[in-house]
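A.B. asks: Got a sequence here, can you build the structure:
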Amino acid sequence: MKQENKTKSVKKFSVKMLLAMVFGGVLGGFFGVFMYYFHGNLEAFLTTWTKMVQSILAPGMLVINIISVLAGEICLRKLGKVCERIETAEDEEADLVSYQEEKYGAILQCVNVISQVFCIFLLANGY
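C.D. replies: Numbers count the residues shown, from 1 in each chain. Modelled structure (predicted):
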């Protein structure tokens, strides 16, 4: 049982790392194509980049905030269900439910921080 949980955990971590690598590769390719298009002229690239970000600044902020609110609401609903189970839980189940409560609280904080980082990224590149 313990070995099975460890295997699942390693698989989940491996998938997350693979997704992070793909995201980094796509982002690097995006900037590589832009730099190739501008023949290494960093000033022209940054001017075009700033104009592009400014054109999507307001809609981008709106989309980020909507996604953040929806993700927060989903986490709060799950957290509410977990908190209802705490009242009737016995010893071992109470430990599990307490862990789930902490997990959903942490996910909620992560969603908040990630949305702030994306908004700051947009604002910093748009001005």
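
A.B. asks: can you give me the helices in this structure?
C.D. replies: Along the chain, the segments classed as helices by DSSP state H run 2-37, 42-55, 57-88, 91-126.

A.B. asks: okay if I get these as JSON lines plus mean neighbour count and mean pLDDT?
C.D. replies: C-beta coordinates here come from the backbone N, C-alpha and C atoms, glycine included. Converted to JSON lines, the helices of the chain look like this (neighbours: other C-beta atoms under 10 Å; pLDDT from 0 to 100):
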{"stretch": "helix 2-37", "mean neighbour count": "10", "mean pLDDT": "83"}
{"stretch": "helix 42-55", "mean neighbour count": "13", "mean pLDDT": "82"}
{"stretch": "helix 57-88", "mean neighbour count": "13", "mean pLDDT": "89"}
{"stretch": "helix 91-126", "mean neighbour count": "14", "mean pLDDT": "87"}
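
A.B. asks: In this protein, which residue is most central in space?
C.D. replies: Compute the mean C-alpha point of the chain, and by C-alpha atoms, centre = their mean the closest residue is residue 114, 5.2 Å away.

A.B. asks: Skipping adjacent residues, who's closest to it in space?
C.D. replies: Excluding the flanking residues, the one nearest residue 114 by C-beta to C-beta, 6 or more residues apart in numbering is residue 68, at 7.9 Å.
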